[in-house]
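Novice: here is a sequence together with a model predicted from it:
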Amino acid sequence: MKPATWLPEEKDEKVNQYLDHINRAPYATIAAVSVGLFCLFTVIILLSSF
């Protein structure tokens, strides 16, 4: 059985930099979609009341 000791490899630093650059949560998109859906819902409710 191999020892469970992790040793950093040469490619790990490049992989971490790539993940730090790419892996971002799209908070602006989530907020825009939420506001858009809220406005759409509001318009539907207002139009259906008349």
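Specialist: Thanks, I have the structure now.
Novice: how close does the most centrally placed residue in the chain get to residue 4?
Specialist: Residue closest to the mean C-alpha point of the chain, counted by Cα atoms, centre = their mean, is residue 25 at 2.7 Å. Distance of residue 25 to residue 4, given as Cβ to Cβ, to the nearest Å: 32 Å. Bear in mind the C-beta positions are built from the backbone N, C-alpha and C, glycine included.
Novice: do the same with residue 45
Specialist: When residue 45 is compared with residue 4 (using Cβ to Cβ), they lie 58 Å apart.
Novice: of these two, give the one with the bigger neighbour count.
Specialist: When neighbours are counted by other Cβ atoms under 10 Å, residue 45 comes out ahead of the other of residue 45 and residue 4, with 9 against 5.
Novice: which helix of this structure spans the most residues?
Specialist: helix 27-48 (DSSP state H).
Novice: what is that one packed up against?
Specialist: On a contact count with 3 or more Cβ pairs under 8 Å, 6 or more residues apart in numbering; DSSP states H and E, helix 27-48 meets no helix or strand.
Novice: next one: stretch 7-14 to chain centre, how far?
Specialist: With Cα atoms, centre = their mean, to the nearest Å as the basis, stretch 7-14 stands 25 Å off its chain's centre.
Novice: which pLDDT does the model give residue 46?
Specialist: Note for residue 46: predicted pLDDT of 95.
Novice: now it: how far from residue 40?
Specialist: From residue 46 across to residue 40, the span is 11 Å (Cβ to Cβ).
Novice: run a quick neighbour tally on residue 36.
Specialist: Counted with other Cβ under 10 Å, residue 36 comes out at 10.
Novice: just checking, what packs against the helix or strand harbouring residue 21?
Specialist: Using DSSP states H and E, residue 21 sits within helix 11-22. Packing partners of helix 11-22 (3+ Cβ pairs under 8 Å, 6+ apart): none among the helices and strands.
Novice: pLDDT on it, on average?
Specialist: Helix 11-22 comes out at a mean pLDDT of 88.
Novice: in that helix, what's buried?
Specialist: Using 16 or more other Cβ atoms under 10 Å as the test for burial, helix 11-22 gives no buried residues.
Novice: contacting residues around it?
Specialist: The contact list for helix 11-22, computed with Cβ atoms under 8 Å, 6 or more residues apart in numbering, is empty.
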